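Trainee: When you get a sec, could you give me coordinates for this:
(2 chains)
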Amino acid sequence: MPISGFPEWMPPQRMIEQRVIERIRTTFELYGYAPLETRSVEPLDTLLMKGETSKEVYVLRRLQADDNAKDDDQLGLHFDLTVPFARFVGENAGKLQFPFRRYQIQKVWRGERPQEGRYREFLQADIDVVNRGELPFHYDCEMPLVIGDALGGLPVPRVRIQVNNRKVCEGFYRGLGLEDTAQVLRTVDKLDKIGPARVAEVLIETVGATRAQADACLELAAISAEDGSFVDAVRKLGVEDPLLDEGLGELLRVVETAREHAPGLVTAELKIARGLDYYTGTVYETLLEGYERFGSVGSGGRYDNLATSGNERFPGVGYSIGVSRMLGVLFGQNALNISRSVPTCVLVALPNEEQRPACDRIAGALRKRGIPTEVAPTAAKFGKQIQYADRRGIPYVWFPGEPDTVKDIRSGDQVEADAAAWEPPAGDLRPVIAG
RNA sequence: GUGGUCGUAGCUCAGCUGGUAGAGCACCUGGUUGUGGUCCAGGGGGUCGCGGGUUCAAGUCCCGUCGAUCACCCCA
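Mentor: Numbers count the residues shown, from 1 in each chain, chains lettered A, B, ... in the order given. Coordinates of the predicted model:
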């Protein structure tokens, strides 16, 4: 029986997932991020920053646990890879070279109600850069480029990265005279769901905004641009605040950098507030074109206060791809296909059991040259053996004989072949994924 | 975690106001005496998600539970 929120995919889906992971991993390494894996479990107080209880964390309990044992060292499964990483950095700061760039591709767990593309156990692919003291801002500009590169090389829909900067929002709200900027942010974030009229109402009710202040917040949220024009649009609203200026400058750098290196990838979207609460500046959100209704398939941002060691600070910026969500959504819409359901490229037909050793030798010769090969399970009629290959999408059936022949069962073409020399076309060697 | 909708064969679904299960596709066998996909004939397969209740009788009604999905919450 399935368990809600813990998906188990079939081999074709898993092959696609592995290929996606491979692409993401090689791209991360191409940019110099070093591999890291942290334990699945963290002390509860590491996971729950300063008394936070809203996070749906799975807690670990031993079957033989003593009921009256102290529970101040409770363990929980991590719900993202950034918090454990921050802990790791603080703990190993002495052994690391800064700025430290690393990637992690691991499962995370959240006890939320599952839906399509929302699971309780899912895979994240995460990059972060942290530094000791101050982290130069150009790393904020690099993040979207890496993600765009990783996902752009996959047969998935076009990726759009929406960027904002919390300093812009906070500065703007403060310049406007609104003090509870966090609450304003949370409310404005619901814009797409509840609409501008309702957002204005809520702002007036919960943070004591005036009609004019609420309208100004909505005007800010409406700003969206693929170039630096958003700066003027914000300035036109006439709000003055040093933090706002700082945020605008940063956001501009991200947008301009992306415009040069990956045109069309990044949009400044001033209504974006999403993501974990530890973000202090840049925030990113990732949408798949045509799949916007399924929400973000990746997000990240700048965190200046997450990792510490003694009185040292380790500010960082990171990005996380929700691999399971992205694939779950695409699988659900049948938007990804793979050319066969097994890795096998060649099935060696078996004329009779006596010839199995000879067939094993043929398979061995092919495998030695990197061609995925299996020998037929039984010496059934050749028609059945071809059918065995056909059902799995295996493109070639090898017939031992004098001489050996190999048949492309898609075209029916059958030619003489030597197991020590024959090569399939490069496109047939591994299963092909199409979007 | 809260609320709504849904759950019949591997898949897509039918089953009227309750009368103890069906189709198409898929699968297996044979026609086809060892090179598939077509065609023809035959065949196997379902504790109607699971558990309880109402009833002479439940796939059909009620409750619970599990799963899927949607909204909220949260977020990948």
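
Trainee: Poorly predicted segments of the stretch 51-200 of chain A, please.
Mentor: Along the stretch 51-200 of chain A, the parts satisfying pLDDT under 70 run over A:51-54, A:67-72.

Trainee: Point out the residues in it that sit beside RNA strand B.
Mentor: Counting by CB under 7 Å from any atom of the strand, the residues of the stretch 51-200 of chain A close to RNA strand B are A:54-56, A:80, A:110-120, A:122, A:124, A:186, A:190, A:193. (Each C-beta comes from the backbone N, C-alpha and C, glycine too.)

Trainee: do the same with the stretch 301-435 of chain A
Mentor: A:320, A:322, A:324-326, A:332, A:349-352, A:379-383, A:385-387, A:390-391, A:397, A:399, A:401, A:405, A:407, A:409-410, A:412, A:414.

Trainee: The residues you listed in helices, which ones?
Mentor: Cross-referencing these against helices under DSSP state H gives A:324-326, A:332, A:382-383, A:385-387, A:390-391.

Trainee: So which of those sits lowest on pLDDT?
Mentor: Across those, the bottom pLDDT score, 90, is held by A:G332.

Trainee: And for that one, nearest residue in space, chain neighbours not counted?
Mentor: Leaving out its chain neighbours, the residue that sits closest to A:G332 by CB to CB, 6 or more residues apart in numbering is A:E116, at 5.3 Å.

Trainee: got it, and A:R211?
Mentor: Using CB to CB, 6+ apart and skipping the chain neighbours, the partner closest in space to A:R211 is A:I204 (6.9 Å).

Trainee: for A:F331, same thing?
Mentor: Among residues not flanking A:F331 along the chain, A:Q13 sits closest, at 5.8 Å (CB to CB, 6+ apart).

Trainee: shouldn't the one you found be in contact with A:S324?
Mentor: No. The pair A:Q13 / A:S324 is not scored as a contact, 10.7 Å apart, by CB atoms under 8 Å.

Trainee: higher neighbour count, those two?
Mentor: A:S324 (21 against 18; other CB atoms under 10 Å).

Trainee: quick one: that one from A:L44, how far?
Mentor: Noted for A:S324: a distance of 24 Å to A:L44, by CB to CB, to the nearest Å.

Trainee: mind checking pLDDT for A:G435?
Mentor: Reported pLDDT for A:G435: 82.

Trainee: That one: how many residues sit nearby?
Mentor: Neighbours of A:G435 (other CB under 10 Å): 10.

Trainee: got a list of what the closest residue to RNA strand B within chain A touches?
Mentor: Residue of chain A nearest RNA strand B, by CB to the nearest atom of the strand: A:G322 (2.2 Å). Listed by CB atoms under 8 Å, 6 or more residues apart in numbering, the contact set of A:G322 reads A:122-124, A:296-299.

Trainee: Redo those residues as TSV? Include secondary structure, neighbour count and distance to A:R166.
Mentor: Formatted as TSV, the contacts of A:G322 follow (DSSP: H, G, I helix; E, B strand; the rest coil; neighbours: other CB atoms under 10 Å; distance: CB to CB, whole Å):
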residue	secondary structure	neighbour count	distance to A:R166
A:F122	strand	21	25
A:L123	strand	19	27
A:Q124	strand	21	22
A:S296	coil	19	16
A:V297	coil	26	21
A:G298	strand	25	18
A:S299	strand	23	13
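
Trainee: Of these, which is the nearest to A:A273?
Mentor: Taking CB to CB as the measure, A:A273 lies nearest A:S299 of the contacts of A:G322, at 11.1 Å.

Trainee: quick one: the closest one and A:T286 touch, right?
Mentor: Yes. When contacts are counted by CB under 8 Å, A:S299 is listed as touching A:T286 (6.4 Å).

Trainee: Quick check on the residues of the stretch 51-200 of chain A next to RNA strand B: which are buried?
Mentor: A:55, A:80, A:110, A:114, A:117-120, A:122, A:124 (16 or more other CB atoms under 10 Å).

Trainee: What's the ChimeraX line that selects buried ones from the residues of the stretch 301-435 of chain A next to RNA strand B?
Mentor: Applying 16+ other CB under 10 Å to these, the buried members can be selected in ChimeraX as follows:
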select /A:320,322,324,325,326,349,350,351,379,385,386,397,399,407,409
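
Trainee: What about A:Q162, how many residues nearby?
Mentor: 21.

Trainee: Helix, strand or coil: sort out it for me.
Mentor: Assigned state for A:Q162: strand (three-state reduction, DSSP: H, G, I helix; E, B strand; the rest coil).

Trainee: Which residue comes closest to it once chain neighbours are left out?
Mentor: A:E269 (3.9 Å).

Trainee: and the one you found, what does it touch?
Mentor: A:162-164, A:224, A:285.

Trainee: So which of those is surrounded by the most neighbours?
Mentor: A:N164 (30 neighbours).

Trainee: show me what contacts it?
Mentor: Contacts of A:N164 (CB under 8 Å, 6+ apart): A:251, A:268-273, A:282-283.

Trainee: measure it to A:R302 for me?
Mentor: From A:N164 over to A:R302 (counting by CB to CB), the distance is 11 Å.

Trainee: who touches both of the two?
Mentor: Counting by CB under 8 Å, 6+ apart, the common neighbours of A:N164 and A:R302 are A:282-283.

Trainee: Tell me where the stretch 51-200 of chain A has helices.
Mentor: According to DSSP state H, counting those that start in this stretch, the stretch 51-200 of chain A carries its helices in the segments A:82-92, A:138-152, A:166-176, A:181-188, A:191-206.

Trainee: Point out the most buried one among those helices.
Mentor: helix A:166-176 (a mean of 24; mean count of other CB atoms under 10 Å).

Trainee: what's next to it, contact-wise?
Mentor: Applying CB under 8 Å, 6+ apart, the external contacts of helix A:166-176 come out as A:181, A:184-185, A:188, A:213, A:216-217, A:220, A:234, A:237, A:239-248, A:250-251, A:270, A:273, A:279-283, A:301.

Trainee: Next: stretch A:249-258.
Mentor: So stretch A:249-258 is contacted by A:137-138, A:140-142, A:144-145, A:148, A:161, A:163-165, A:167-168, A:225-228, A:230-231, A:265-268, A:281-282 (CB under 8 Å, 6+ apart).

Trainee: ditto for stretch A:415-433
Mentor: Here stretch A:415-433 makes contact (CB under 8 Å, 6+ apart) with A:15-16, A:19, A:155, A:336-340, A:342-343, A:345-346, A:361-362, A:365-366, A:369-372, A:393, A:395-396, A:398, A:403-406.

Trainee: Please, a ChimeraX command that selects the buried ones among these?
Mentor: In ChimeraX, this line selects whichever of the contacts of stretch A:415-433 come out buried by 16+ other CB under 10 Å:
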select /A:15,16,19,155,336,338,340,342,345,346,362,365,366,371,372,393,395,396,398,404,406
